[in-house]
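Colleague: Requesting a structural model of the entry that follows:
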Amino acid sequence: MSNYIRLWHTVKYLKFKQIYFRIYYLLRSKLRKIFYLKSKIWIDKKGTSLYFIEGIFPVSRFYSKKNKFKFLNHSIDFQSKIDWNYNKYGKLWTYNLNYFDYLNQEDMDKEEGLFLINEYISNIEDNIYDGLDPFPISLRGINWIKFLTKHYIYESYIDESLYAQYMILLDKLEYHLLGNHLLENAFSLLFGGYYFNDNILLTKANKILSEELDEQILDDGSHYELSPMYHQIMLYRILDCINLMQNNTIYDQRLFNLLTKKASIMLSWLEYMTFNNGDIPLLNDSAKVVAPDSKQLFNYASKLNIIKKDQLPLKESGYRSITKSTYECIVDVGNIGPDYIPGHAHADTFHFILYYNNEPFIVDTGTSTYESNDRREIERSTYAHNTVVVNKTNQSNVWGAFRVAKRAKIIQLNETEQKIQAVHDGYRDLGIFHERTFLFYDDELIIQDRLNKPSEKSTAYIHFHPNVTLKIKDSVVFTDHVSIYFENMKNIEIKEYLYSDEFNLLQKAFYIEISFNTSLSTKISLKKKSSLDENN
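Modeller: Numbers count the residues shown, from 1 in each chain. Predicted coordinates:
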């Protein structure tokens, strides 16, 4: 596919609003540079007293007295002066530095927090690369407000800087991206509106949240970008907004009701998607130690008296969760996400994850980076997932760090209590349609793959957790207590790959590669561990 055709198949799905604001912001930026127009960094405005119940402590870290920060498994000690533009570890790391999540870590004291805020304000004119982007402004605004109100800090120079940052945010809301970015903008505007008692910020927050929450939270409770990690983050923000409104004057009851309604169904979805040991499946762009975990979110919701909606069936998200006596399985039989914002999607249709006796067994290979590089390309590819690759082609044409051109669509789906059968058209340009059937039994999972015509280059992949050791005997794959049998395969090999359950953290693990022509049957036989096994 030529670059022009790929670009067309990427752009054609965008909303008019995204295209309009991308062009508008680009032209406006160029004109402002020509006429030397800059945003104000100080605006006279006073904050007000707010109250919050204790929420969730962040996972990002600032190390006391050392100017040392750790995010995404990378650390830096700035010693004498913090470089807020530091980019050695990539844009996401720089963003984390500018989010100020660490301002609300459990052991942060008032003096150190003020020092960090003062350092930022005194160097804000030099922070021209990432720190004044709307996304970090949004998160920084929430974190500063939480910290300032917790410690009863009312300094005019801080308020004037923070309000100026909110005006910059208001000036370049992320309509060109939409999705979780625009929601983060709106959550922060709500905090800013309360803190500054500012009707402009409140009105804009109300408008965006009222429109976007109905669009972005699907009927089964999932956030529509279909990343369990981002679902946790969005739920956390909603709970924070409920905390804000519940413990201060509720300026709009309809918005408060909408937030509580969405939180309720999001809790239901998260309960379905959380394994018994507390893990979430690392589907699409998901990683550990980024979002609050499910237990923290359930506890936070309970403190806010948010009641989980009675178990809604998983439907619109395309995920299905099956629990048996020995295993838990989550399968993906949905489209890759909203057509106009698939940036966090992977080419993983019919992918599945299997936990055996409360431990990860068959896994997603994970997400270790957002940088546009070879590693990012691998992690988003079809062969990095537990599904079928035809002719060494991705089902959905993922490219760049966050782009998707042609994408697989589900064209048939049939379900019963013990069976899920579906067909996708991701290989339609090859004249091939892939049908996969899952059959769920108490101690056995059967997966049947069928192509509508023979292919000499059809391969199924199954990736195992680093703790799993594999061996092959007579074309049967064995692990402790698990045997995997195949019918109609041509060849099977065990190979090594790099697994990542956290950003910038890679571990060696194994996968199996099974080649076939038209059909393949995979039977995963799982024995229940005895007490004797567990003690050995």
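Colleague: quick one: contacts for the residue positioned nearest the centre of the chain?
Modeller: A centroid search over the chain (Cα atoms, centre = their mean) returns residue 230, at 3.3 Å, as the residue closest to the centre. Residue 230 makes contact with 180, 223, 285, 286, 291, 344, according to Cβ atoms under 8 Å, 6 or more residues apart in numbering. In short, each C-beta sits where N, CA and C put it, glycine included.
Colleague: Ok, residue 248 next?
Modeller: 50, 51, 194.
Colleague: Which of these ranks first by neighbour count?
Modeller: residue 194 (23 neighbours; other Cβ atoms under 10 Å).
Colleague: For whichever helix or strand it is part of, name the packing helices and strands.
Modeller: In the assignment (DSSP states H and E), residue 194 maps to helix 179-196. Secondary-structure packing of helix 179-196 (3 or more Cβ pairs under 8 Å, 6 or more residues apart in numbering; DSSP states H and E): helix 134-150, helix 156-171, helix 199-216, helix 228-246.
Colleague: angle of that helix against helix 199-216?
Modeller: Here helix 179-196 runs at an angle of 150 degrees relative to helix 199-216 (axes from the mean of the first three to the mean of the last three Cα atoms, to 10 degrees).
Colleague: Please shift the residue numbers so they start at 58 in all later answers.
Modeller: Happy to do that; since the first residue is 58 now, the last one works out to helix 236-253.
Colleague: mind putting the helices and strands packed on helix 236-253 in TSV, mean pLDDT included?
Modeller: Below are these laid out as TSV (pLDDT from 0 to 100):
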stretch	mean pLDDT
helix 191-207	98
helix 213-228	98
helix 256-273	98
helix 285-303	98
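Colleague: Need the ones you listed in JSON lines (columns: distance to residue 393).
Modeller: Formatted as JSON lines, the helices and strands packed on helix 236-253 follow (distance: least, Cβ to Cβ, whole Å):
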{"stretch": "helix 191-207", "distance to residue 393": "23"}
{"stretch": "helix 213-228", "distance to residue 393": "30"}
{"stretch": "helix 256-273", "distance to residue 393": "16"}
{"stretch": "helix 285-303", "distance to residue 393": "14"}
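Colleague: mind checking which of those is nearest residue 128?
Modeller: For residue 128, the closest of those is helix 191-207, at 12.4 Å, according to Cβ to Cβ.
Colleague: distance between that closest one and the chain's centre?
Modeller: 21 Å (Cα atoms, centre = their mean, to the nearest Å).
Colleague: So which elements touch that helix?
Modeller: Counting by 3+ Cβ pairs under 8 Å, 6+ apart, helix 191-207 packs on helix 148-156, helix 167-179, helix 213-228, helix 236-253.
Colleague: Low-confidence bits of the stretch 458-593 of the chain, can you list those?
Modeller: Along the stretch 458-593 of the chain, the parts satisfying pLDDT under 70 run over 585-593.
Colleague: Run through the helices of it in chain order.
Modeller: Applying DSSP state H, counting those that start in this stretch to the stretch 458-593 of the chain gives helices spanning 588-592.
Colleague: all strands in the stretch 308-457 of the chain, in order from the N-terminus.
Modeller: Counting by DSSP state E, counting those that start in this stretch, one finds strands in the stretch 308-457 of the chain at the ranges 376-380, 384-389, 409-413, 416-419, 445-447, 455-456.
Colleague: If you count neighbours, what's buried in the fourth one?
Modeller: Across strand 416-419, burial judged by 16 or more other Cβ atoms under 10 Å covers 417, 418, 419.
Colleague: how far out from the middle of the chain is it?
Modeller: 20 Å.
Colleague: same for that strand, what does it pack against?
Modeller: Right, strand 416-419 is packed against strand 409-413 by 3+ Cβ pairs under 8 Å, 6+ apart.
Colleague: Give me the distance from the strand it packs on to the chain's centre.
Modeller: Here strand 409-413 is found 19 Å from its chain centre; the criterion is Cα atoms, centre = their mean.
Colleague: same check, this time on stretch 367-376
Modeller: Distance, centroid of stretch 367-376 to centroid of chain: 18 Å (Cα atoms, centre = their mean).
Colleague: Check stretch 497-504 too.
Modeller: 29 Å.
Colleague: do stretch 367-379 as well
Modeller: Using Cα atoms, centre = their mean, the offset of stretch 367-379 from its chain centre is 18 Å.
Colleague: Would you mark the buried spots in that stretch?
Modeller: Of all the residues in stretch 367-379, those buried under the rule 16+ other Cβ under 10 Å are 369, 371, 373, 374, 375, 376, 377, 378, 379.
Colleague: what's the closest of the residues you listed to residue 299?
Modeller: Taking the buried residues of stretch 367-379 together and measuring to residue 299 by Cβ to Cβ, the closest member is residue 369, at 19.5 Å.
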